[in-house]
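A.B. asks: pasting the structure only:
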């Protein structure tokens, strides 16, 4: 099921743009749209500027959007120590009820596990 989401200025300090719920979303609901196509790429095939949008899967493979210039809004989910999304089985799920207008957040240290990606994690993230 596609979820109604909006990109707007984040309420998180220095975060830039954030992804917000345009409708309530219950707990344990997938939020990565079915139209989102993902691909597995070797690090050498990813421009260094795009690595921060990829999730390390192991064995030099990263999960990446099909087209870095047309990414799903959920790739703009910002970090929180108390996120309302979790990544499981190559999908994003809500781990608590998300109210209309809530910013969708992830815990970056769980996703950015490759040493290259660890450079995107600031000490205040942990």
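C.D. replies: Perfect, I can see it now. Quick caveat, the model's predicted, so the values are computed rather than measured.

A.B. asks: hey, let's count contacts and neighbours off CA atoms from now on
C.D. replies: Fine.

A.B. asks: show me where this protein has strands.
C.D. replies: 5-9, 17-21, 38-42, 55-58, 61-65, 78-79, 85-88, 91-94, 105-106 (DSSP state E).

A.B. asks: walk me through which strands the third one pairs with, and which way each runs.
C.D. replies: So the one you mean is strand 38-42. Strand 38-42 has its sheet partners listed here by DSSP bridges as strand 61-65 (antiparallel).

A.B. asks: and the spatially closest residue to residue 65 that is not a sequence neighbour, how many neighbours?
C.D. replies: Of all residues not flanking residue 65 in the chain, residue 38 sits nearest, at 4.7 Å (CA to CA, 6 or more residues apart in numbering). As a burial measure, residue 38 scores 13 neighbours (other CA atoms under 10 Å).

A.B. asks: same question, the one 5 residues further on
C.D. replies: Other residues near residue 43 come to 16 when the count uses other CA under 10 Å.

A.B. asks: my guess is it meets residue 61, correct?
C.D. replies: Yes. At 6.5 Å, residue 43 counts as touching residue 61 under the criterion of CA atoms under 8 Å.

A.B. asks: low-confidence ranges in the chain?
C.D. replies: Low-confidence segments of the chain, defined by pLDDT under 70: 1, 32-36, 90, 111-126.

A.B. asks: now do the helices in it.
C.D. replies: Counting by DSSP state H, the segments of the chain that form helices are 108-111, 115-118.

A.B. asks: check the gap between the residue in the chain sticking out farthest from the centre and residue 51 for me.
C.D. replies: Seen from the C-alpha centroid of the chain, the residue lying at the greatest distance (CA atoms, centre = their mean) is residue 44, 21.5 Å away. As for residue 44, its distance to residue 51 is 10 Å (criterion: CA to CA, to the nearest Å).
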